[in-house]
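Trainee: Mind looking at a prediction? Sequence and model below.
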Amino acid sequence: MTAPNFDELDLFVWEGKADILDRIARCMASFDVEVIRADGLATPEPERGVALRPCVAVISVTVIDGGGLAQASERLQGMPVIWVAAGSRERDSRTYPPEYLHVLPYDFTCAELRTMVAKLVRQLRARDIAPQAPDVLVAHSEAMKSLLAEVGAFADCNHSVLVRGETGVGKERIAQQLHLGHQHYSKGAFVAVNCGAIPDGLFESLFFGHTKGSFTGAVHAHRGYFEQATGGTLFLDEIGDLPRYQQVKLLRVLEDNAVMRLGATAPIRVDFRLVAATNRNLREMVASGEFRADLFYRLAVIELHVPSLEERGEVDKIAIFKALLSNVLGDELEVLGETPHWLSDAVAETYFPGNVRQLRNLAERVGVIARQLHSWDQNLIQRAIALTRGTPTPAILAERNGAGGGGVSLDGTSERKGWNSSERNRIIAALEVNDWKRQDTAQHLGISRKVLWEKMRKYQILDGEPGIPDDA
């Protein structure tokens, strides 16, 4: 798990009747984070010319129960909020705000709190990103920066490239970047072909071309995809869907650099750069016999992986959404004003199994609503987001929450199978008595140091971890 990055942060805590302030302060003690009790405290006004530090709010639902939500809401000023509540609590939309997204249980651990705060800080930073032009590739994440660095390194070479990635991640955009970056082939055409959409019986005609009169209806000569791409780039999308009997014909062209039109008697020389893309695991297909190994080795001289939206993270999600939304709204965006914080946060939280393609669909939905109603109608937009939202797999949930970070799920419950709160508190108490020295604590508890380490990992006990009240 990577270390959370949220130094220089103010954490405002509305604890109501819940005793959470001291626990939060202890969890954040090793960072440059100021934990401030906000109950009854006015939100500070920024001094002229001095920007406030990033701020996150932590609010106990007892504030809602006590009728203090309206007062707290007035002072939030767009701060992202972490709610501390019982995991089974029903979210009544008439009582709880639409932004009731980030929920921790009362017995949260330091790992869970730090993970969620770090996520919200990333979203805060993403809010300030200005919309980019739709034709500009967004690359704020390290995953995309690394990919574009590889694209730049391998664009100006003649070898074939295999681009891998989930559906909708933008594999064709990467292929276009490879095409434009080649000194010679960029002067030719970029010919894109979807291998999963080739009708049966037309492969030879479409790829190899035909002469006039070669078959009934062939009233004109036709240049196939291989000829069309000569001097440029041939992009074969969904290469894994190409039937095996057609794979051998493609392999022959790559080896001979020549094609024979249907009805022709002499071959035609071709010269193109091949870029193929797939969302399937070609290595597994080779092992199972579905894909020819010799063709795979010709295609995968250079392999590039396009990260999914989840791998790219919240900042890229919001930046792409803003760019797409700006394209939909055009000049209307100036009238509407900047994208609301609640909308950016909701986009960051949403899982898009269809990746950028699905995110574009949401941007179009939101854009239509905003343009037609001349406002950011929260109810209709929240409904559109709910219809779009996918269900993350357990692996994606674990990645979102940080490997080994405890796994707070999106509905506020934790993956705490086999937890014993009493044993956890007993271990923390022993660690505190022994000044957090592992060997001394293990002897104090009558267990080995290895067993202590395993229990600390199981119960997410970090250095300085506070015990959880028995009545939490």
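Mentor: Now that the structure is in, tell me what you want to look at. Residues are numbered from 1 along each chain as shown.
Trainee: does F235 sit in a helix or strand, and which one?
Mentor: Element membership for F235, per DSSP states H and E: strand 233-237.
Trainee: average pLDDT for that strand?
Mentor: The pLDDT scores in strand 233-237 average 96.
Trainee: What angle do strand 233-237 and the helix or strand just after it make with each other?
Mentor: Following strand 233-237 in sequence order, the next helix or strand is helix 244-256 (DSSP H and E). Direction vectors for helix 244-256 and strand 233-237, defined by axes from the mean of the first three to the mean of the last three Cα atoms, to 10 degrees, enclose an angle of 160 degrees.
Trainee: Now do helix 244-256: distance to the chain's middle.
Mentor: Mean C-alpha position of helix 244-256 versus that of the full chain (Cα atoms, centre = their mean, to the nearest Å) differs by 36 Å.
Trainee: what's the answer for stretch 53-63, then?
Mentor: Distance, centroid of stretch 53-63 to centroid of chain: 25 Å (Cα atoms, centre = their mean).
Trainee: Would you mind measuring from E150 to Y351?
Mentor: For E150, the distance to Y351 equals 26 Å [Cβ to Cβ, to the nearest Å]. To be clear about C-beta, it is placed using only N, CA and C from the backbone, and glycine gets the same treatment.
Trainee: those helices in the stretch 51-200 of the chain, which residues are they?
Mentor: Using DSSP state H, counting those that start in this stretch, the helices found in the stretch 51-200 of the chain span residues 62-65, 69-76, 110-127, 142-154, 171-180.
Trainee: what's the angle between the fourth one and helix 171-180?
Mentor: Same thing as helix 142-154. Computed with the same axes, to 10 degrees, the direction of helix 142-154 lies at 30 degrees from that of helix 171-180.
Trainee: ok, residues contacting helix 142-154?
Mentor: The contact list for helix 142-154, computed with Cβ atoms under 8 Å, 6 or more residues apart in numbering, reads 137-139, 161, 174, 177-178, 181, 302, 304-307, 311-313, 316.
Trainee: So which of those residues sit within strands?
Mentor: V161, I302, L304, H305 (DSSP state E).
Trainee: Show the pLDDT at the nearest residue to the last one once chain neighbours are set aside.
Mentor: Spatially, and ignoring its direct neighbours in sequence, H305 is nearest to R164 (5.1 Å; Cβ to Cβ, 6 or more residues apart in numbering). Reported pLDDT at R164 in the predicted model: 97.
Trainee: Same check on Q246?
Mentor: Q246 is assigned a pLDDT of 91 by the prediction.
Trainee: Correct me if wrong: it contacts L206.
Mentor: No. Using Cβ atoms under 8 Å as the test, Q246 is too far from L206 to be in contact (10.6 Å).
Trainee: Mutual contacts of these two, please.
Mentor: With contacts defined as Cβ under 8 Å, 6+ apart, the residues adjacent to both Q246 and L206 are I198.
Trainee: quick one: low-confidence ranges for the stretch 351-472 of the chain?
Mentor: Across the stretch 351-472 of the chain, the stretches falling below the confidence threshold (pLDDT under 70) are 391-418, 468-472.
Trainee: ok, back up a step: including distance to Y106, could the ones in strands among the contacts of helix 142-154 go into TSV?
Mentor: Supplementary listing: those in TSV, determined by distance: Cβ to Cβ, whole Å:
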residue	distance to Y106
V161	52
I302	52
L304	46
H305	41
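Trainee: ranking these by neighbours, who comes first?
Mentor: V161 (25 neighbours; other Cβ atoms under 10 Å).
Trainee: and that one, what is it in contact with?
Mentor: Contact analysis of V161 by Cβ under 8 Å, 6+ apart lists F154, A175, L178, L274, V275, A276, V301, I302, E303, L304.
Trainee: I'm done for today, thanks for sticking with me.
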